[in-house]
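Enquirer: Quick one, fold the following:
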Amino acid sequence: MIEQALLKVEDLAVHYGDYVACEQINFELFPGEVLGVVGESGSGKTSLLKALSTQLTPDAGRVEYFSDIKGLLDLYELPESQRRQLTRSEWGVVHQSPRDGLRLNVSAGANIGERLMENGERNYGSIRQQAETWLENVEIDIDRIDDMPTTFSGGMQQRLQIARNLVTHPKLIFMDEPTGGLDVSVQARLLDLLKKLVSQYNLSVIIVTHDLAVARLLAHRLMVMQRGRVVETGLTDQVLDDPQHPYTQLLVSSVLQP
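Expert: Sure thing, here's the model as predicted:
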């Protein structure tokens, strides 16, 4: 039996006027798979992630998503309200800056509980209990449940953003440089946490990063982008240990700077 792809992308293109951010992007993502998208700044990887997560409308191509509830969906044939519903229920988006993914004017617990309420949960006791559970899951002391995110460190804010996204048990997570801007020791703890959660909840993930060490740790498969096009793809260890394309060889040898 052939496994149903969770996400299928055909000839996706994103243009900004005459500038080509993405062109002829094709791939499939399967349940439980982590796909890393790597390349230097300006390679088009963030524009691709925004188009896949419906934050940006592509100029051409097709993105299909298989929903357990509604079956196969052509994302850009859906009404905007249905796309928004997907981002609140079956998807999660982890931004590079946690401040873009959190509500800073409400407590840590309310940030997590808000996602539950958007999906129909109304019992305050249950919401608070689930918020406490997820604070523990992302290694934040539950005594901080009523504290504001602005009182948290950058690493704690990022962990809170992850909890806010995962509390509804989404199938698909989009991550944009989730360890960017954090110091090395905080990055290491966050990466260990992400790897554990991805495995524990069998998450499908598309992660954009310029850091090949992050890609090696988290991704099963890699796509390497240069000037808006995919120049190499394959299993992560295969691509990083035996790169075939000259650009990938430069990336791996650290000649190119992010």
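Enquirer: Output the lowest mean pLDDT helix or strand found in this structure.
Expert: Between all helices and strands in the chain, the lowest mean by mean pLDDT, DSSP states H and E belongs to helix 184-200, at a mean of 88.
Enquirer: Would you mind listing the buried residues in the following helix or strand past that one?
Expert: Next helix or strand after helix 184-200 toward the C-terminus (DSSP states H and E): strand 204-209. Of the residues in strand 204-209, 204, 205, 206, 207, 208, 209 count as buried by neighbour count, 16 or more other C-beta atoms under 10 Å. Bear in mind the C-beta positions are built from the backbone N, C-alpha and C, glycine included.
Enquirer: in the sheet, who's paired with the closest residue to the fourth one other than its chain neighbours?
Expert: Read that as residue 207. Excluding the flanking residues, the one nearest residue 207 by C-beta to C-beta, 6 or more residues apart in numbering is residue 175, at 4.2 Å. As for beta bridges, residue 175 partners with residue 94, residue 207 under DSSP bridges.
Enquirer: rewinding a little: the least confident helix or strand of the chain packs against which elements?
Expert: If you count contacts as 3 or more C-beta pairs under 8 Å, 6 or more residues apart in numbering; DSSP states H and E, helix 184-200 packs onto helix 154-166, helix 212-218.
Enquirer: Give me the distance from the shortest one to the chain's centre.
Expert: Relative to the chain's own centre, helix 212-218 is displaced by 14 Å; criterion: C-alpha atoms, centre = their mean, to the nearest Å.
Enquirer: And stretch 140-158, by the same measure?
Expert: Centroid separation for stretch 140-158 versus its chain: 21 Å, with C-alpha atoms, centre = their mean.
Enquirer: how far does that stretch stretch from start to finish?
Expert: This stretch, stretch 140-158, spans 11 Å end to end (C-alpha to C-alpha, to the nearest Å).
Enquirer: and if you look at stretch 26-42?
Expert: Length of stretch 26-42, first residue to last, C-alpha to C-alpha: 19 Å.
Enquirer: what does the domain assignment say about the chain?
Expert: For the chain, the structural domains run 1-90+170-258, 104-169, going by automatic domain parsing.
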